[in-house]
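Peer 1: When you get a sec, could you give me coordinates for this:
(one chain, ligands or ions: 2)
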Amino acid sequence: MTSFSLLAPAKLNLFLHINGRREDGYHELETLFTFLNYGDQLTFTLTETTEIEVTGDTTDIPLKDNLIYKAAVLLQKHTNSLFGAKINLTKILPMGGGVGGGSSDAASTLLALNKLWHCQLSLQELAALGVQLGADVPVFINGKSALAQGIGEKLVNVELPSKWYCVVHPSEHVSTAKIFTHPDLKRNTPKLKGHWQQQTLANDCEPLVKKLCPEVEKTLQWLLKYAPSKMTGTGSCCFVEFATQKEAQHVLENLPHNWDGFIASSVNISPAHTQLDAIH
Ligand SMILES: C[C@](O)(CO)[C@H](O)COP(=O)(O)OP(=O)(O)OC[C@H]1O[C@@H](n2ccc(N)nc2=O)[C@H](O)[C@@H]1O
Ligand SMILES: Nc1ncnc2c1ncn2[C@@H]1O[C@H](COP(=O)(O)OP(=O)(O)OP(=O)(O)O)[C@@H](O)[C@H]1O
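Peer 2: Ligands and ions are numbered 1, 2, ... in the order given. Okay, here's the model as predicted:
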């Protein structure tokens, strides 16, 4: 196999607690990750030179900053691979929206090139490389819905019931770094004791993001007409959960015209892993 495609799925943080701040500025978190059957599309083609080429919807990101390119170079250097790759991106996920698109692109790149270049690194080794690119990369490498601790890299797999989500992307952009450096961020939620129960748990970034971005506040309020609404990650995407596709579709059909959104079902195993396992 010298060419194949993989999805880089979206994630949702079903809750997000911030327990404290480390000396290096990163935050200790407890968060529940689920994957959506929806994401960016990446096609990988083996080349015989060491060049890494990224084509398609590379948007405004300079090549050297593109997480796809960074992931490929990191793996190439780590394994001394003499191969290269052409990687084509079809960007579906909103950027900087809290659905982890950049991290997921990076993780799918590490998973795909590990196979294409016959590197044979374990998922643990790939996750250790991935965390250098972003705190969210390991969960996409692990590929299972999980409760995460640490900065988001210590994972305990969990089985979650499959649900349908309507995810709305307000036009306002939220910088993850800005939220995590803001003095008003709630950083003192005690660590979970015993079992978590998703319904009672919140996103600690939400009050601050609502204050800084009126569009997020408006979106969460609007979604409340249909179901309890939540924000994912540091925003700005907000979501509501349903048992059926029909209910999620109903919300999407009623979205105000100037808002973007999508619907998708959740899966316990990342679609990138399901696709990769089917390739021999
Ligand atoms: C908030 C989450 O979206 C939850 O899934 C993620 O933890 C963020 O993951 P990410 O975007 O991959 O994060 P990175 O690219 O590593 O970091 C972006 C910025 O967020 C801050 N950051 C991130 C993760 C974390 N546990 N503590 C932090 O303080 C870092 O200071 C950094 O400046
Ligand atoms: N291939 C890529 N796709 C998306 N963003 C990328 C990519 N490469 C680099 N980036 C940069 O990474 C930033 C964060 O992207 P991403 O879409 O993962 O944010 P996010 O959904 O808020 O993620 P998170 O929830 O992990 O914070 C973008 O603003 C962009 O500048």
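Peer 1: pLDDT below threshold where in this protein?
Peer 2: Scanning the chain for pLDDT under 70 picks out the ranges 59, 197-200.
Peer 1: The stretch 1-150 of the chain: strands as residue ranges?
Peer 2: 3-21, 27-47, 52-56, 84-90, 146-149 (DSSP state E, counting those that start in this stretch).
Peer 1: and the longest one, does that touch ligand 1?
Peer 2: Yes. With CB under 6 Å from any ligand atom as the threshold, strand 27-47 lies in contact with ligand 1, specifically through 27, 29, 31. The way it works is simple: take the backbone N, C-alpha and C, and place the C-beta from them, glycine included.
Peer 1: Now tabulate the strands of the stretch 1-150 of the chain in CSV and tack on mean neighbour count.
Peer 2: Below are the strands of the stretch 1-150 of the chain laid out as CSV (neighbours: other CB atoms under 10 Å):
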stretch, mean neighbour count
strand 3-21, 22
strand 27-47, 21
strand 52-56, 17
strand 84-90, 20
strand 146-149, 20
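Peer 1: among the ones you listed, which is nearest residue 238?
Peer 2: Of all the strands of the stretch 1-150 of the chain, strand 3-21 sits nearest to residue 238, with 10.2 Å by CB to CB.
Peer 1: How about the residues of the stretch 151-280 of the chain by ligand 1?
Peer 2: 151, 152, 176, 177, 180, 233, 234.
Peer 1: Let me see the backbone angles for the nearest residue to the third one once chain neighbours are set aside.
Peer 2: Meaning residue 176. Spatially, and ignoring its direct neighbours in sequence, residue 176 is nearest to residue 234 (4.5 Å; CB to CB, 6 or more residues apart in numbering). Residue 234 has phi and psi values of phi -100, psi 20 when expressed as degrees, to the nearest 10.
Peer 1: Give me the neighbour count for residue 234.
Peer 2: 24 (other CB atoms under 10 Å).
Peer 1: need the residues of the stretch 51-200 of the chain near ligand 2, please.
Peer 2: Residues of the stretch 51-200 of the chain lying near ligand 2 (CB under 6 Å from any ligand atom): 61, 65-68, 95-103, 105, 136, 176.
Peer 1: Now go through those and say which are in helices.
Peer 2: By the criterion of DSSP state H, membership of those in helices covers 67, 68, 101, 102, 103, 105, 176.
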